[in-house]
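Q: Okay, here's the prediction I keep looking at, along with the sequence it came from:
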Amino acid sequence: MNQSAWDLFWTSLGPIVQGAILGTIPLALASFAIGITLAIGLALMRLSRRGWVSSIARVYISIVRGTPLLVQLFVIFYGLPSLGIVIDPWPSAVVAFSLNVGGYAAEVIRAAILSVPKGQWEAAYMIGMSHRRALTRIILPQAARVSVPPLSNTFISLVKDTSLASVILVTELFREAQQVAAFSTEFMLLYLEAALVYWVICLALSSVQSILEKRLDRYVAH
Amino acid sequence: MNQSAWDLFWTSLGPIVQGAILGTIPLALASFAIGITLAIGLALMRLSRRGWVSSIARVYISIVRGTPLLVQLFVIFYGLPSLGIVIDPWPSAVVAFSLNVGGYAAEVIRAAILSVPKGQWEAAYMIGMSHRRALTRIILPQAARVSVPPLSNTFISLVKDTSLASVILVTELFREAQQVAAFSTEFMLLYLEAALVYWVICLALSSVQSILEKRLDRYVAH
Amino acid sequence: MSPTEPIEPTGPPDPDAAPAADALLRVRGLQKSFGANQVLQSIDLTVSRGHVLALIGPSGSGKTTILRCLNGLELADGGTIELADELSVDFTTAPGKKQLAALRDRSAMVFQHYNLFPHKTVLENVLEGPVMVQRRPKDEVTAEALALLDRVGLSSKRDSYPFELSGGQQQRVGIVRALALRPKLLLFDEPTSSLDPELVGDVLRLIKELALEGWSMVIVTHELEFAREVATTVAFVDGGRIVEHGDPKQVLRHPKEERTRQFLHRLLFPF
Amino acid sequence: MSPTEPIEPTGPPDPDAAPAADALLRVRGLQKSFGANQVLQSIDLTVSRGHVLALIGPSGSGKTTILRCLNGLELADGGTIELADELSVDFTTAPGKKQLAALRDRSAMVFQHYNLFPHKTVLENVLEGPVMVQRRPKDEVTAEALALLDRVGLSSKRDSYPFELSGGQQQRVGIVRALALRPKLLLFDEPTSSLDPELVGDVLRLIKELALEGWSMVIVTHELEFAREVATTVAFVDGGRIVEHGDPKQVLRHPKEERTRQFLHRLLFPF
Amino acid sequence: SAADSDDTATAGADTSLSAVTDAGVLTVGTEGTYRPFTFHEGGSGALTGYDVEIIEAVAAELGVKVKFEETQWDGIFAGLEAGRFDVIANQVTTTPERVAKYDFSTPYTFSTGVIVVKSDNTSITSFDSLSGKTTAQSLTSNWNTLATESGANVQAVEGWAQSVALVEQGRVDATVNDNLTFLDYQKQTGATGLKVAANTDEKSATSFAFVKGSTALTDAVDGALEKLAAAGTLTSISEKYFGSDVSQ
Ligand SMILES: Nc1ncnc2c1ncn2[C@@H]1O[C@H](COP(=O)(O)OP(=O)(O)OP(=O)(O)O)[C@@H](O)[C@H]1O
Ligand SMILES: Nc1ncnc2c1ncn2[C@@H]1O[C@H](COP(=O)(O)OP(=O)(O)OP(=O)(O)O)[C@@H](O)[C@H]1O
Ligand SMILES: [Mg+2]
Ligand SMILES: [Mg+2]
């Protein structure tokens, strides 16, 4: 890399990292937290004995997973105003990404709940617990451990997907890189630089994942 | 929807479906087939007792999963020529998506291999099989069943991700929609139409998945 | 934990004071199907206070299903269950959740595979029911739980997690968890058949002690020696029916029915 | 399948014709550690042609590890294994893969959890080794396999998948799979301890028949009655050592060592 | 949105101007990644560019503040229709299709299109000679239409930077774009390997786009542009970016 490329790399690192800290990371964290809550609800709906409840959840999940995220963002930001619903860029992005995470994580959580041995439900009922309490105190904590690896994958995908938020006016990591690229026409260099920052974020996430797995492992059956 | 919107919908459906049939679907199928082969190799490397073999695979997987697919496409198509390697759009896309699928599916396959009970390895060794033959005849067929649901997710993601191939000049479903949209400026309508076609493809994939699961279930332990 | 000790939960009545006719559990015509498969044809059972009923029978005959119906884990299709003169559930008209819960509150089950909560310590496993569900004072329950753990030789393991215990230790915790609920009736489903042979003894000895103390129990078991020595009554279950029942020595040594004879023969002279 | 029938694989020698000194298996000073945990201290064993050695002992004492070393599934750290006058493996110098494979070729193992291949039919399970590994003619092996299946009463199940069989049936297929390999030595690791009690008999009877036919075997078992009746020698393993061995009646009825006595007492009088 | 763009339905209630003046803010949709028209100074500095400065001057003339919303081209018309902004300032060329759907101001840029090829390319000399050649075009620009009409085999790319990269790598024969874009690129990079093979005869015009029925706002902007032209403001902005006056 020649001198001017290095200079460009260093001067643009600031804005890109700032985009990550002010845009990408908070957007991903907020959407993930809300999305997981939604996913638990959807997973429980999928497991419901009432056919129509399960069907609603299944159709929702199928649509979210079967259509491009870009279109979902478009519909929420540019489409809803025609129904009189106008949401600002940031909330729109959070809504879109949360709905998306909800759809993907629902199946993960459902599988995790199903992976808890049936005997755990029985023991919980035996000591007198209601369905709801058995779920929250006995089943979900055990399902949590099983879900950590697939949910971290969902989270890593989410971090990268937030780059789409720029189409609905949210400034984040990738948008910053695009701006510099448009100015300098050095799009290759800038995109690589953005990739590097994404990679660092994902590496950090992976270490958090390992720590979490170890902690949850400590007291869960082997 | 008014008349002109309907007209636009119907006239653009042809090109969009054609984009799916000539672009999206063959691209996804080819990349998936090559990617899975690569993924099996990477999964075996990850399981190798030799530390450095495992490390190479781990770093590869981490890079593929930690950086945006868009950047990977750019590097292969626009970046490699500066090293004298010029690859045409279609092969570039297949290479990029295969490498990507390889990284994602490797972890799935690795987990599936680990999920086969240790006793199956022992029984295979006991009857005199080599490691290689035990793997191919005993372990992988059983791992296949476990991998079907997560691998179909990978495939569904791949189908949607192929829309990025348009940045390296490959014409597929989403590009066709964008082209019509660019002339008509009806982005919302066309994107929704594209989403519908993606959804149909994904629904078809899901039914193939169920059939496959049932077939593999028939002779695998419960 | 003898009947006079303070930690004794429900204070089972002195066996001598309880006449044989003082029925704690009375089951009449219990039926249960899974789809087209009628697993329980018509089950009649009586367990008197302080008595022990042992259920024996081949695999798939419905023994576990009987226990699960008694504990309200499974909803029977027909018949009645009467418990302790205070609860009578008629399954011909589908009973409400409340009645199933009432059934569950009065009995406690010990499972073949222990089913301890893996994410909770030994003590937490025992406290979960009395504190979280029954809402009894935590201090009182903790003292009681520790006394029970001490009695089964596991007070030093109070803060261990289940995976740190051997199978025999886990099953003893399972029994303590059941006792801490202060049930009127204890249900055991093959409590030793997942255990290493040398660990079976610890658990059987504990159950025998509880029987001698006057706890009322239903035990599904394949340990014929144990049934003969501990049970008040043995019932042989086959094809969803009670084929034969009576005094353990009579049923196990001189069965009247051919099917019982065959079953016992297979178990006693396997080769 | 008597020694005179054509399908008899290695034609085990007539037990009478084989003098006691005709050792098939000779193990000397076998050692094995997992990390810092020395699981086998120093194991000495001899099995004569046509004889049956039963290994008994508490959980974790190393019984399974002994079998796994004999089958080359585990690489011992020290000691020697000699088999059939034709193979001698010295583990003090790490032996090559070839020697482990040779060990494996001459013995066959029956597992506690059957370990049948779930994606293959019963017949395919049996043929896999002889056809795919030993490269014997498929027709010949199929005829032999069907005869073996017939003998264990499972010829009608040849095209069933393992999950369609009961535990006892699966284990009998496991035994047929081992026999079809024509091993010199059969290894059984608690072959009945995953089975429902009524299904134990079928498997034990089959093993007894094989013993009477003159197959050489090492069996890990907790079925003391069975060991007494079928084994030529019983060895009590504890803490990675053979604490005591000898005639079954002597070891099981009048053990010399205190540890053996304690172990047997726990098993025989559990409560 | 179909109803919104229906002239007669909203004719009696054109609040387009009063909404802006009441709020005191003119909200502008622009890409922010299209140099030299709309881009960030130094890549990450303030938003600037020819279009940006002109719309800022227009807003000043109207006595309102200006607020930019940056979005990708995909979302720009959808954003206008959804009321996310009042006007698009992003080198929007007027075409019959667009005129049917949106209102446009008077043009503020006039420029020629150029065919950019490698310096050693001799086979392309005119728009007619583009026939059968391969060009790289940004899908959404009118230059795409021009190249297509000239018979070129068009490869769609994301923007100017990628088009130029493909020409330089020899993977396409040419790209058609705004003369102004090419001049800016040459000035910035000192690229010597490229040349202009041909110019269009006619100049194309770009205007600000408004949602249909914004007659009052469009008129007000037209008035402002007229005053700015008269005051020489447009010329000076143009000379700042291009060294010549492209505003008329
Ligand atoms: N949840 C269920 N759904 C369908 N069938 C069931 C269910 N639970 C039990 N069964 C069937 O009911 C029958 C009796 O089962 P049960 O578990 O009561 O037998 P068991 O006597 O306890 O046998 P074992 O000695 O093997 O434990 C079996 O045929 C079993 O397959
Ligand atoms: N792969 C392994 N890695 C580490 N430790 C092992 C491994 N296999 C066995 N061990 C340990 O070796 C010891 C002996 O195990 P082994 O399975 O041989 O005992 P066993 O006598 O067969 O017991 P059981 O009756 O429970 O089957 C145990 O302490 C066990 O934890
Ligand atoms: Mg049962
Ligand atoms: Mg063992």
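A: Thanks, I have the structure now. Numbering: from 1, shown residues only, chains lettered A, B, ... in the order given. Ligands and ions are numbered 1, 2, ... in the order given.
Q: Just list the residues touching C:Val176, thanks.
A: Residues near C:Val176 by CB atoms under 8 Å, 6 or more residues apart in numbering or on different chains: C:Val126, C:Ala145, C:Leu148, C:Leu149, C:Val152, C:Leu154. C-beta: built from backbone N, CA, C; applies to glycine.
Q: In JSON lines, list these along with pLDDT and distance to chain B.
A: Listed next are the contacts of C:Val176 as JSON lines, based on pLDDT from 0 to 100; distance: CB to the nearest CB, whole Å:
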{"residue": "C:Val126", "pLDDT": "98", "distance to chain B": "33"}
{"residue": "C:Ala145", "pLDDT": "97", "distance to chain B": "37"}
{"residue": "C:Leu148", "pLDDT": "96", "distance to chain B": "37"}
{"residue": "C:Leu149", "pLDDT": "97", "distance to chain B": "34"}
{"residue": "C:Val152", "pLDDT": "95", "distance to chain B": "33"}
{"residue": "C:Leu154", "pLDDT": "96", "distance to chain B": "31"}
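Q: pLDDT of stretch A:19-31, averaged?
A: In this model, stretch A:19-31 has an average pLDDT of 95.
Q: ugh, wrong one, stretch E:66-86
A: Mean per-residue pLDDT for stretch E:66-86: 89.
Q: Same check on stretch C:202-212?
A: For stretch C:202-212, mean pLDDT rounds to 96.
Q: That stretch: which residues count as buried?
A: C:Asp202, C:Val203, C:Leu204, C:Leu206, C:Ile207, C:Lys208, C:Glu209, C:Leu210, C:Ala211 (16 or more other CB atoms under 10 Å in any protein chain shown).
Q: So which of the residues you listed is the closest to chain D?
A: Nearest to chain D out of the buried residues of stretch C:202-212 is C:Leu204 (CB to the nearest CB; 3.9 Å).
Q: Narrow the contacts of C:Val176 to those in helices?
A: C:Val126, C:Ala145, C:Leu148, C:Leu149 (DSSP state H).
Q: In three-state terms, how would the residue nearest to the spatial centre of chain E be classified?
A: Chain E has E:Gln91 as the residue nearest its centroid, 1.0 Å off, counting by CA atoms, centre = their mean. With DSSP: H, G, I helix; E, B strand; the rest coil as the basis, E:Gln91 sits in strand.
Q: Help me confirm that it comes into contact with E:Ile54.
A: No: the criterion here is CB atoms under 8 Å, and E:Gln91 misses it with E:Ile54 at 10.9 Å.
Q: rewinding a little: redo the ones in helices among the contacts of C:Val176 as TSV? Include distance to B:Leu27 and neighbour count.
A: Formatted as TSV, the ones in helices among the contacts of C:Val176 follow (distance: CB to CB, whole Å; neighbours: other CB atoms under 10 Å in any protein chain shown):
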residue	distance to B:Leu27	neighbour count
C:Val126	59	30
C:Ala145	63	26
C:Leu148	66	22
C:Leu149	63	21
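Q: and the residue in chain A that ligand 1 sits nearest to, what are its phi and psi?
A: When you check chain A against ligand 1 by CB to the nearest ligand atom, the closest residue turns out to be A:Lys118, at 8.8 Å. With angles defined as degrees, to the nearest 10, A:Lys118 sits at phi -60, psi -30.
Q: Equivalent analysis for E:Phe210, please.
A: phi -130, psi 160.
Q: Show the pLDDT at it.
A: 97.
Q: roughly how far apart are it and chain C?
A: Computed as CB to the nearest CB, to the nearest Å, the E:Phe210 to chain C distance reads 61 Å.
Q: cool, A:Phe74 as well?
A: For A:Phe74, the distance to chain C - CB to the nearest CB - is 43 Å.
Q: do the same with E:Ser44
A: 48 Å.
Q: can you pull the contacts of C:Ala211?
A: Going by CB under 8 Å, 6+ apart, the list of residues near C:Ala211 reads C:Val52, C:Met217, C:Val230.
Q: pretty sure the last one contacts C:Leu206?
A: No: counting by CB under 8 Å, C:Leu206 is not a contact partner of C:Val230; they are 11.3 Å apart.
Q: what separates C:Glu74 from chain B, distance-wise?
A: According to CB to the nearest CB, C:Glu74 stands 21 Å off from chain B.
Q: What is the neighbour count of that residue?
A: Neighbour count of C:Glu74, defined by other CB atoms under 10 Å in any protein chain shown: 19.
Q: wait, is it part of a helix?
A: No: counting by three-state DSSP, one finds C:Glu74 to be coil, located in no helix.
Q: where do the helices sit along the chain?
A: Defaulting to chain A. A:3-19, A:25-47, A:51-66, A:69-74, A:89-115, A:118-126, A:131-133, A:140-161, A:173-184, A:187-217.
Q: um, chain E though
A: Using DSSP H, helices in chain E cover E:7-11, E:16-23, E:50-62, E:73-81, E:96-101, E:142-149, E:160-168, E:179-189, E:215-230, E:233-242.
Q: Would the second one count as contacting chain A?
A: No: where contact is defined by CB under 8 Å from any CB of the partner chain, no part of helix E:16-23 touches chain A; the two come within 13.8 Å at best.
Q: Not counting that helix itself, show me its contacts.
A: Contacts of helix E:16-23 (CB under 8 Å, 6+ apart): E:26, E:62-64, E:86, E:210-211, E:213-220.
Q: which intervals of the chain have sub-threshold pLDDT?
A: You didn't say which chain, so I picked chain A. By pLDDT under 70, the low-scoring segments of chain A are A:1, A:218-222.
Q: switch to chain E, that's the one I care about
A: Judged by pLDDT under 70, the stretches of chain E that qualify are E:1-12.
Q: among the contacts of C:Ala211, which are in helices?
A: C:Val230.
Q: Just the CA trace of stretch A:85-101, in PDB.
A: The C-alpha coordinates for stretch A:85-101 follow below in PDB (Å, rounded to 0.1, in the frame of the first residue of the first chain):
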ATOM      1  CA  ILE A  85     -47.800   5.500  10.100                       C
ATOM      2  CA  VAL A  86     -44.600   7.600  10.000                       C
ATOM      3  CA  ILE A  87     -41.700   6.400  12.000                       C
ATOM      4  CA  ASP A  88     -38.300   8.100  12.300                       C
ATOM      5  CA  PRO A  89     -35.200   6.400  10.800                       C
ATOM      6  CA  TRP A  90     -33.700   5.100  14.000                       C
ATOM      7  CA  PRO A  91     -36.900   3.600  15.400                       C
ATOM      8  CA  SER A  92     -37.800   2.200  12.000                       C
ATOM      9  CA  ALA A  93     -34.500   0.500  11.800                       C
ATOM     10  CA  VAL A  94     -34.900  -0.900  15.300                       C
ATOM     11  CA  VAL A  95     -38.400  -2.100  14.500                       C
ATOM     12  CA  ALA A  96     -37.300  -3.800  11.200                       C
ATOM     13  CA  PHE A  97     -34.200  -5.500  12.700                       C
ATOM     14  CA  SER A  98     -36.100  -6.600  15.800                       C
ATOM     15  CA  LEU A  99     -38.900  -8.200  13.700                       C
ATOM     16  CA  ASN A 100     -36.300  -9.900  11.700                       C
ATOM     17  CA  VAL A 101     -34.300 -11.200  14.600                       C
END
